[in-house]
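J.: Test case, fold it:
(2 chains, ligands or ions: 2)
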Amino acid sequence: MATGSQDSPRHEKFVTGIVGVGLSDVERTVPADEAPPLAPNAQLSQIGKPTPRWNGRAKVTGAVRFTADIALPGMLHGRFLRSPLPHARIRAVDTSAAERHPGVRAVLVLLGPNGAGGATSVSAEEDVEATRRNEQPIALYAGAAVAAVAAISEQAADEAVRLIKVQYEPLPFVVDMDDARAAGAPVVYETLDVQPGFGASGLVSPGLTLKGNVRGPAGDARGDVAAGLVAAEVVVEGEYRTQVQTHCCLEPHGIVADWRADGLTVHISTQFTAGVRAELARAFGLPLGRVRVIAEAIGGGFGSKSQLGYYGHAAVALSRKAQAPVRLVLERHEEQVDSGYRPATWQRLRIGAARDGTLAAMSLLSYGTAGTAIGAGVGNIAQRMYTCANFDESHYDVFINAGPGCAMRGPGNVPGAFALEQAIDELAEKLGIDPVALRDRIDASPVRREERRIGAERMGWSTRHPAGAETGTIKTGLGMAQSLWGANVQVNSACEVRVLRDGSVEVRSSVQDIGTGTGTIIAQVVAEEFGLRAEDIVIRIGDTDFPAGAPSSGSRTAASMTPPARNAAYQVCRQLFALVAPALGTTADDLQARDGRIVSRRDPARAMTFHDAAASMRTGQIAVVASRGEDYAGFRGRRGDMGFALNDLGGVQFAAVSVDTETGLVRVKRVVAVHDCGRPINPAQIESQVQGGILQGLGYALLEERVFDRQTGLIVNADLEQYKLPGALEVPAIEVHLIENYQGFSATDVYGIAEPSNIATAPAIANAIYNALGLRLRTLPMNRAAILTALAAGKN
Amino acid sequence: MAMNRFEWASARTAAEGAASGATTVADAMLPVPGGPPGQAVVLKAGGIDLLDLMKEGLLAPRRLVDLRAIAGLDAIAQESDGGLRIGALASLQQVAEHPLIADRARALAEAAGGSASPQIRHVATIGGNLLQRPRCWYFRSIAHRCLRKGGGKCFAVHGENQYHAIFANEVCAVVHPSTAATALVALGARIEIVNAGGDVRRPLLDEFFVAPETDVQRENDLKEGEVVTAVLLPAPAAATTSAHMRQSDKQAFDWPIADVAVVLERDADGRCSKASVVLGAAAPVPRRARATEEMLVGEMIDEKLAREAGHAALEASTPLARNHYKQPIFAALVARVLLRAAGQG
Ligand SMILES: Cc1cc2nc3c(=O)[nH]c(=O)nc-3n(C[C@H](O)[C@H](O)[C@H](O)COP(=O)(O)OP(=O)(O)OC[C@H]3O[C@@H](n4cnc5c(N)ncnc54)[C@H](O)[C@@H]3O)c2cc1C
Ligand code: SF4
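T.: Residues are numbered from 1 along each chain as shown, chains lettered A, B, ... in the order given. Ligands and ions are numbered 1, 2, ... in the order given. Sure thing, here's the model as predicted:
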């Protein structure tokens, strides 16, 4: 029980450990206004129970409004004119004919400091100034936005765009990373002026040198790699390639911007309402209080919707110019060409080990391309997953004439895991140690150890045959791989909980629900505190008029939002208890809320319904805003509003595949995924996250690939017909097992799941293919051409 | 891009369709020297291909003439000579499920039933399927004016040709987009066509298709003002069996990388007396594997022969830089479909 006064921090005992492995007590200091330790899930009524999505009914009945559904009176339609050439000097832009089109209300020329469109494009009138200064800006990739119009209909906007005349002077271009690295390749940037903020993953270091198209190296090192490799008894070395994967959100990027004299309101499909508000205020010189960002429903976001984006910027600038609301929703082609993607990488990984498996040294060299952006690194998975005293890495970004890449679900670690987890599999084989057993030796994480144990058992790992042992045409194989991701927290995350006199409970925050079910878990946590049911809680989120919530990126939303939700509810409860305690002839400390009632612990006969308690309130409401603090045990580090928790997130996946050796067809039959996210709040939603992660990983492993035509510098499969996403018949049997891992780090002890679930899939499949064929595929996607070529070559 | 505005008309009879002033979509897609764009009248059946072309800005017709209201044109029935008549408006789903087709022409049922996705199969018509334009991604890109669209070069030959033809690909490397056509050519089908004057012609489907060497700008011999009314299957000889299989990246909502149809006639002791083996997604038009057909005649079909037949089917193949992988797939598929048609697979 709590000790200490109301205002000073309390020392509390938390039950910690992995359920099923072993629990013990840990003492932590808890701020005075935060709730006491939460019992393990087995003792709770709302938390840890599969709970239907708060907006599920509205979604399946079509009642919910996505950004594209918003229609405001007098709304105009925005459209971009995009560069048809992959690299061109823009000699002149003539918008006069477009401006004379009767349906047109505003035309903007979009030419930022780095040329047309892209990461750094500013699309306000300032651009026009920039254009005047820099008379011949450069379009850096095909599809870069050159101009934008707002017109009274989509058709008028299309017509107007066609009336804009641009004089391009074609420049030599390069759209392939290897070509771009070669001597004499056309140069994308003469000088480097890319904004570091637009990094696609980890390793975004400022101040690196640029030679040709290659920028770097960024790196890190510990110990003595050379000595480690000399001492190593076994060394494996391989070169791995990963391709570009696009986000393919079902709902495209889109915005409705409404600029008014008294302020700006935007509806936008975003992963971060509060962040977009801050960007808008900065870019357009408005006070935060005059900018409102609303995201009622969002059809998916995997990293590309975390910023305002050039399209958002352009729509607001058009609205300001036209003095009318502007709707700008990208088409699928634009989505595929210019809305970000997971960068392509090349990695050479060398690992040395002693005979017993102990890692002696690891050395990683990588190149990656995020087109015209930087930050195409391979994450920190090689650096951190396994115990290895000697490690070094160097990474280079390579520029090509392609749109800017950006973060995508597990950025860096997804390509990084493809190399690392195959290399460890290869090492295990060379050492004659089972891959699971080898990891038991070199992976210090107790969580992943338990995950491996469960996964191996469920998959029937002990039945795994030696690599390539089967003789038939169709060969089967089992493989496994692990994931590593940070347990991130946004400390600047707040929400308000209120109880109204009619007994209704409302939660308000700007946090958005991008389909992950953020609203549902907030409702569960608040309901638990009030002794109500999740469906009793009114969720009002996705609106910056409410307290600023967390971004839906970096797998940090649940970890950031559930503690303040619980703490706010706790404080509201305390106030309500204080209010009704006299009537019940007891003290507030003696009261608890459960099953819709407020009950005395000492004498359960002293009780009243939650409704009656609310009705007795002197004011119309009790409302409390709470904010996420530091973890009770502190953070490993901080970057701005982001804290890195002491723990890591893991996850281990096992895949069973079959490979048709005549046709090269790989089918993933079954995936067993064992994951942890601290305290699971809603197992149904977590399972759905993990399934989504696995499907995205499966597409990455076998099918998806952006295809550039090197003759013209254009993408030839910028649609969802030829860019191949897995479909219903590609979906394997997926079994998700969740570990309950209590650490006593926050009021809910919740961490993320979205990214960890996407990291291990491709290498698990690759290792299963190796087990089936005895051939290692080190290039993604592992499609038919890759499989048949490897089989024909018949060697590694 | 938004689609262009267009007029909508509905034909009540095939004759009305023929008299509607419609040009072929192939002609409507060619640049008109000097003339104003977007003046064509074109016919629409299920609209799957037509609307795709319009949405990509590749086709901007003035008027669509919808054929779907033509009564009875979706019927599938047996004819007095024992052949089957499949109305041009029969959906791929109808074709896949019709008991007469399942019984007489299993290859066709399998080809139609394995195409595209359930949603598309319910809307797409067999006539439209045979007349759809190819899926070469350069052809479908408004930014690439290739030979087939009246431009000066083929981008695929030295470009991204992973899904392109491995046979007869010198001029233009498209693969014929219709999967049903693979089976229909193997089955010796004819296509029935009427024109505005009421003339009816019924060429062999095989001869109706046009190779790039003959005319790179069209895939078939449909003429202005012609309407397809039916696909006709000859009465099968006794002891005829058939099968069709495909391989694609995705198991639904995708195009075949390779597909093969086999029709076998066998004599009383089970020896093959006639074989027709056709490769789809292999060449600009459905491709007969003649060497394979010849080596089967007079033989008992077994696994060994099937494998040899598979390899023989690759004769004269000229894969491009990125589609060598299709060769082993075709070899395997020919063997498998052969065994399946022979009741052994
Ligand atoms: C994702 C995807 C996957 C696909 N996969 C496959 C596949 O695996 N196999 C396959 O075969 N197809 C596939 N398709 C293509 C689809 O089957 C065809 O687009 C469809 O069959 C066309 O038929 P329709 O009735 O919609 O034709 P429409 O689009 O209406 O017409 C096509 C053409 O035929 C003309 N036309 C139609 N009917 C007549 C007539 N009676 N007389 C004269 N002219 C006529 C039209 O003018 C037009 O030029 C796929 C399509 C998609 C989008
Ligand atoms: S293969 Fe044919 S359709 Fe494709 S680019 Fe070449 S000429 Fe055009």
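
J.: can you give me the strands in the stretch 651-796 of chain A?
T.: Under the criterion DSSP state E, counting those that start in this stretch, the stretch 651-796 of chain A contains strands at A:652-660, A:666-676, A:708-709, A:714-715, A:733-739, A:741-742.

J.: er, the stretch 151-300 of chain B I mean
T.: Secondary structure of the stretch 151-300 of chain B (DSSP E, counting those that start in this stretch): strands at B:190-194, B:200-201, B:227-233, B:240-247, B:258-266, B:272-280, B:287-288.

J.: how about stretch A:602-615: buried residues?
T.: A:606, A:607, A:608, A:610, A:613, A:614 (16 or more other C-beta atoms under 10 Å in any protein chain shown). The C-beta positions use only the backbone N, C-alpha and C, and glycine is treated the same way.

J.: now, among those, which is nearest to ligand 2?
T.: The closest of these to ligand 2 turns out to be residue A:610 (C-beta to the nearest ligand atom; 68.7 Å).

J.: picking that back up, tell me which of the strands of the stretch 151-300 of chain B sits most buried.
T.: strand B:258-266 (a mean of 27; mean count of other C-beta atoms under 10 Å in any protein chain shown).

J.: That one packs against which elements?
T.: Judged by 3 or more C-beta pairs under 8 Å, 6 or more residues apart in numbering or on different chains; DSSP states H and E, strand B:258-266 is in contact with helix B:106-113, helix B:179-186, strand B:240-247, strand B:272-280, helix B:326-341.

J.: and the third one, anywhere near ligand 1?
T.: No - contact of strand B:240-247 with ligand 1 is not found when judged by C-beta under 6 Å from any ligand atom; the minimum separation is 7.2 Å.

J.: What residues does the stretch 1-150 of chain A have near chain B?
T.: A:84, A:142 (C-beta under 8 Å from any C-beta of the partner chain).

J.: quick one: the helices in the stretch 1-150 of chain A?
T.: Secondary structure of the stretch 1-150 of chain A (DSSP state H, counting those that start in this stretch): helices at A:56-60, A:96-100, A:125-133.

J.: and the second one, which residues are buried?
T.: Read it as helix A:96-100. residue A:98.

J.: hmm, back to that, cross the buried residues of stretch A:602-615 against strands and list the overlap.
T.: Of the buried residues of stretch A:602-615, the ones assigned to strands by DSSP state E are A:607, A:608.

J.: ok, so what distance separates the residue in chain B sticking out farthest from the centre from residue A:334?
T.: The centre of chain B is farthest from one residue, residue B:269, which by C-alpha atoms, centre = their mean lies 34.2 Å away. Separation of residue B:269 from residue A:334 (C-beta to C-beta, to the nearest Å) stands at 64 Å.

J.: what's the answer for residue A:246, then?
T.: Remark: distance between residue A:246 and residue A:334 (C-beta to C-beta) = 11 Å.

J.: Comparing the two, which residue is more hemmed in?
T.: residue A:246 (25 against 20; other C-beta atoms under 10 Å in any protein chain shown).

J.: you'd agree residue A:173 is in a strand?
T.: No - counting by DSSP: H, G, I helix; E, B strand; the rest coil, residue A:173 is not part of a strand but coil.

J.: Let me see the confidence value for it.
T.: Per-residue confidence (pLDDT) for residue A:173: 98.

J.: I figured it was touching residue A:89, is that so?
T.: No - judged on C-beta atoms under 8 Å, residue A:173 makes no contact with residue A:89 at a distance of 11.9 Å.

J.: who has more neighbours, those two?
T.: For residue A:173 versus residue A:89, neighbours defined as other C-beta under 10 Å are more numerous around residue A:173 (23 against 16).

J.: Distance-wise, check the residue nearest the centre of chain B relative to chain A.
T.: Nearest residue to the geometric centre of chain B (C-alpha atoms, centre = their mean): residue B:178, 2.8 Å. Distance of residue B:178 to chain A, computed by C-beta to the nearest C-beta, to the nearest Å: 16 Å.

J.: List the contacts of that residue.
T.: In this structure, residue B:178 makes contact with B:129, B:130, B:132, B:280, B:286, judged by C-beta atoms under 8 Å, 6 or more residues apart in numbering or on different chains.

J.: What about those, which are in helices?
T.: B:129, B:130 (DSSP state H).

J.: Throw the contacts of residue B:178 into JSON lines and include pLDDT and distance to residue B:238, thanks.
T.: Listed next are the contacts of residue B:178 as JSON lines, based on pLDDT from 0 to 100; distance: C-beta to C-beta, whole Å:
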{"residue": "B:129", "pLDDT": "98", "distance to residue B:238": "29"}
{"residue": "B:130", "pLDDT": "98", "distance to residue B:238": "28"}
{"residue": "B:132", "pLDDT": "98", "distance to residue B:238": "34"}
{"residue": "B:280", "pLDDT": "98", "distance to residue B:238": "27"}
{"residue": "B:286", "pLDDT": "98", "distance to residue B:238": "25"}
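
J.: about what we covered before: could you dump the helices and strands packed on strand B:258-266 to a markdown table with distance to residue B:170?
T.: Shown next, in a markdown table, are the helices and strands packed on strand B:258-266 (distance: least, C-beta to C-beta, whole Å):
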| stretch | distance to residue B:170 |
| --- | --- |
| helix B:106-113 | 27 |
| helix B:179-186 | 21 |
| strand B:240-247 | 25 |
| strand B:272-280 | 17 |
| helix B:326-341 | 17 |
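
J.: looking at those, which is closest to residue A:257?
T.: Set against residue A:257 and scored by C-beta to C-beta, the helices and strands packed on strand B:258-266 come closest in helix B:179-186, at 45.7 Å.

J.: ok, and does the closest one reach over to ligand 1?
T.: Yes - Helix B:179-186 is in contact with ligand 1 by C-beta under 6 Å from any ligand atom, via B:179, B:180.

J.: helices and strands around that helix, which ones?
T.: Looks like helix B:179-186 contacts helix B:106-113, helix B:126-131, helix B:205-208, strand B:240-247, strand B:258-266, strand B:272-280 (3+ C-beta pairs under 8 Å, 6+ apart).

J.: Just want the angle from it to strand B:258-266.
T.: 30 degrees (axes from the mean of the first three to the mean of the last three C-alpha atoms, to 10 degrees).
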